[in-house]
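Asker: here's a sequence, model it:
(2 chains)
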Amino acid sequence: MITVSNLSKSYNGVEVLKLENLDIPKGQSFGLVGNNGAGKTTFFSLLLDLIQPSSGHIKNKEVLVHESEDWKPFTSSFIDESFLIGYLTAEEYFYFIGELRNQNKSDVDNLLAQFEDFFHDEIIGKKKYLRDLSKGNQKKVGIVAALIGNPEVIILDEPFANLDPTTQIRLKQILKDLAKKQGVTILVSSHDLMHVTDVCERIVVLEKGELVKDLATSEATLKELEMHFTN
Amino acid sequence: MIKRFIDLEWKQFKRASYFQKGLAIKILLILGALYFGGIAIMLGGGMFFIFKKILPDIDPVITINNFLVYWILFELMIRYFMQQLPVMNIKPLMLIPIKRNTVIHYLLGKTTLSFFNFISLFIFLPFSIVLMAQGYPPVNVIFWFVSLMSITMSLNFINFLINKSNSVFYVMASLLIVFVGLEFYNIFKISEPLGIVFNALYNNPVFVIIPILIMVGMYYANFKFIRKGFYLDDTVSKKIKEVNATDLSWMNRFGSLAPFLKNDVKMIWRNARPKQVMLMSFFFLFYGLVFYTQEIYMEMPAVLAFASIFITGGFLLSFGQLVPSWDSEYYKMLMSQNIPYRKYLESKWYLMVVAVTFSFILSTPYLYFGWKIYAMITAGALFNIGLNTFITLFGGALNRVPIELNVKAKAFSNTNGFNPTQLLIALPKMVLPMILFYIPYKLFNFNAGLIVLALSGVLGIVFKSFFLNKIEGIYQKGKYKTIAAFSEKN
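Answerer: So this is what the prediction gives:
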């Protein structure tokens, strides 16, 4: 689904990301871990064509990301709060995203109904603008909005951060359910090794912009990751 | 302690983002400040003689006193829209061992240095000096001046209380409209009884005590108000407004543009900054009054063409020049969503077209100045729709200054649209219509000028797709730079 070749990004001559080859097959749930500055967000930003690669390219379903916009209809993402429109209510925001992704109101309502638990009665019908919600609740809105319109590729940058424990557990379930669905590719980055090993079939460790580990998740993965980050 | 505060304040001022601009901008800003200050002083100094000339039978002091109430209401309106509440900076001070009272006194004291307080000072100080030079009794003049300054300070404090409540604002605004209307149609002149009050202030210096007491009272009211709300979840925090969701589904008839248009309407309606711009653009409607009433300009039709552009172009010029900055807070999302750039730009175009059309309808009273003037406004509106919209969108592609939507622009820090590229882009918006009008006017006649100006607009509408395609290309090219600039916090 996603093919990375000779990708690099540098700012003022300092290389912050260098990925020679990375292939993420369709339907995989892919986890990205690494310390601050490892290049996780840079990678996702490149994937979304928010920044320009210094060299190399990314192909999303055979579409060259930095040349064509044709990847947009089947790709959705939530990177940070700047993906939210602060002066809308949660519902208005969902419907807006729905309209952009050719979903009518009832399609969106149906989808939202599945996330009633996840919202924990703090999102829908609250008559509050998104800018006035807490960080955690903003995140819930952003994550669910990224699921509108049956995307084939879903990119979530640190979805577990800022969420309360209950919501983290529910989010894990949501992501696992998605992964089971045929053909949905999920890319998740996280600082929480436990969550990420729980959710993802494959985990890639970045360090100073380079790929240092590429693991298929198994019983031993968490231990291995913990060992890696201890040193 | 106060010294520390002042030190902090100085750093904030020195390191503010708008101060980090180029030297040229700084000089322009200083010139601007001098210009407005100069105008105020000239006005204050000249007011006496102007009124003496217009109304030779009435003592200018009495005239001024009669109209003072409108000045006060006007000042209050301007303050409401422009003056920022200083309470926002309390937060970091809450945890530090300083007495609350000290902090509050300091904050309130700080507001006395606001730019808005100086407008009154600059107008009425020279006026008072002229009065004394003209042989008016100094005691009366000085105490009258002190009264006026106390009123200004009272306004300064009242404004903060009004800012906390929308209803107070609407009451004030409707009062202003009603009384201006009544006055205009000679039904009831509110300025008369209030004029008597202000004249009494002048005639009996003892009364100065009243405005001073009001000022002190207002200071105290503010003090109590902030004191009471000195908690994180109160005055200090930004107020969380209950949503007033309006049904905009009727806009769905705009098809694929509807989501964007609906969003833009909400954006304007729910955020402080765009609201402010809306108000400013409303004032542009009155531009014609300045030009059409002056004999000299009547012989300079190019200048009239310029004024006509302004009348219908208020929103276009002030809102349009900040496209795409209006969406800077969530630009990344827009760029990664399933959105064709073209649709985004087209919706902004429609928004401007609607605004110009609306202003054009509102400008009907200019018929009073004759068909010639009105035809000119019409031609100007066409030019605005057909060409100025595209020039504005094109200019926006070069504008990469992020905007904080829900924060009012401060007077003189509103340099967002104020950079050399922006100035360069603003030139053709005003000079081009003048040229388009002036050349055929010189070669043939007035009507030829009008026709060319109007036709240029029509041509622009005909070639809309072409222009939008070109502009889209420019936006696409600048995409990464724009995203990077918008994600920088200032």
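
Asker: what about the most centrally placed residue in chain A, which helix or strand?
Answerer: Closest to where the C-alpha atoms of chain A average out (C-alpha atoms, centre = their mean) is A:Leu156, at 1.4 Å. A:Leu156 is part of strand A:153-157 when elements are defined by DSSP states H and E.

Asker: about what we covered before: separation between the residue nearest to the centre of chain A and chain B?
Answerer: Distance, A:Leu156 to chain B, by C-beta to the nearest C-beta, to the nearest Å: 13 Å. Quick note: C-beta positions are derived from backbone N, CA and C, even for glycine.

Asker: does that residue touch A:Thr185 like I think?
Answerer: No. Counting by C-beta atoms under 8 Å, A:Leu156 sits too far from A:Thr185 to count as a contact (11.8 Å).

Asker: what does chain A have sitting close to chain B?
Answerer: For chain A, the residues in contact with chain B (C-beta under 8 Å from any C-beta of the partner chain) are A:48-52, A:69, A:72-73, A:75-77, A:79, A:82-89, A:92, A:96-97, A:99-102, A:127-129, A:131-132, A:149.

Asker: now, of these, which are buried?
Answerer: Burial by neighbour count, 16 or more other C-beta atoms under 10 Å in any protein chain shown: within those this picks out A:48-51, A:72, A:75-77, A:79, A:82-89, A:92, A:96-97, A:99-101, A:128-129, A:131-132, A:149.

Asker: residue ranges with poor pLDDT in the stretch 301-450 of chain B?
Answerer: For the stretch 301-450 of chain B, applying pLDDT under 70 flags the ranges B:408-423.

Asker: quick one, helices of it?
Answerer: In the stretch 301-450 of chain B, the helices defined using DSSP state H, counting those that start in this stretch lie at B:301-320, B:331-336, B:341-362, B:371-383, B:389-397, B:420-443, B:446-462.

Asker: which among those is found nearest to chain A?
Answerer: Nearest to chain A, of all the helices of the stretch 301-450 of chain B, is helix B:331-336, at 3.9 Å by C-beta to the nearest C-beta.

Asker: and the closest one, what does it pack onto?
Answerer: Here helix B:331-336 touches helix B:479-487, going by 3 or more C-beta pairs under 8 Å, 6 or more residues apart in numbering or on different chains; DSSP states H and E.

Asker: does the helix it packs on come close to chain A?
Answerer: Yes. Using C-beta under 8 Å from any C-beta, we find that helix B:479-487 touches chain A at B:Tyr480, B:Ile483, B:Ala484, B:Ser487.

Asker: return the closest of those residues with respect to A:His195.
Answerer: B:Ser487 (26.6 Å; C-beta to C-beta).

Asker: that closest one against B:Lys332, yeah?
Answerer: Yes. Here B:Ser487 lies in contact with B:Lys332, judged by C-beta under 8 Å, at a distance of 6.7 Å.

Asker: what touches both of the two?
Answerer: A:Ser82 (C-beta atoms under 8 Å, 6 or more residues apart in numbering or on different chains).

Asker: what about those two, which has more around it?
Answerer: Neighbour count, other C-beta atoms under 10 Å in any protein chain shown: between B:Ser487 and B:Lys332, B:Lys332 has more, with 20 against 17.

Asker: how much space between that one and A:Ile155?
Answerer: Distance of B:Lys332 to A:Ile155, given as C-beta to C-beta, to the nearest Å: 12 Å.

Asker: how about B:Ile6?
Answerer: B:Ile6 is 48 Å from A:Ile155, by C-beta to C-beta.

Asker: who has more neighbours out of the two?
Answerer: Of the pair B:Ile6 and A:Ile155, A:Ile155 is the one with more neighbours under other C-beta under 10 Å, namely 26 against 12.

Asker: quick check: mean pLDDT of the longest helix that chain A contains?
Answerer: Counting by DSSP state H, the longest helix found in chain A is helix A:165-180. Helix A:165-180 shows a mean pLDDT of 91.

Asker: what's next to it, contact-wise?
Answerer: A:27, A:29, A:115, A:117-118, A:120, A:136, A:140, A:143, A:147, A:154, A:159-160, A:163, A:184, A:186, A:188, A:195, A:198-199, A:201.

Asker: what about 10 Å?
Answerer: A:27-31, A:114-115, A:117-120, A:122, A:136-137, A:139-140, A:143-144, A:147, A:151, A:154, A:156, A:159-164, A:184-186, A:188, A:192, A:194-196, A:198-201 (C-beta atoms under 10 Å, 6 or more residues apart in numbering or on different chains).

Asker: could I get the buried residue list for it?
Answerer: So for helix A:165-180, counting by 16+ other C-beta under 10 Å, buried means A:Thr167, A:Gln168, A:Arg170, A:Leu171, A:Lys172, A:Ile174, A:Leu175, A:Leu178, A:Ala179.

Asker: and what of stretch A:207-224?
Answerer: A:Glu207, A:Gly209, A:Glu210, A:Leu211, A:Leu215, A:Thr217, A:Thr221, A:Leu222, A:Glu224.

Asker: check stretch B:364-373 too.
Answerer: B:Tyr366, B:Phe369, B:Ile373.
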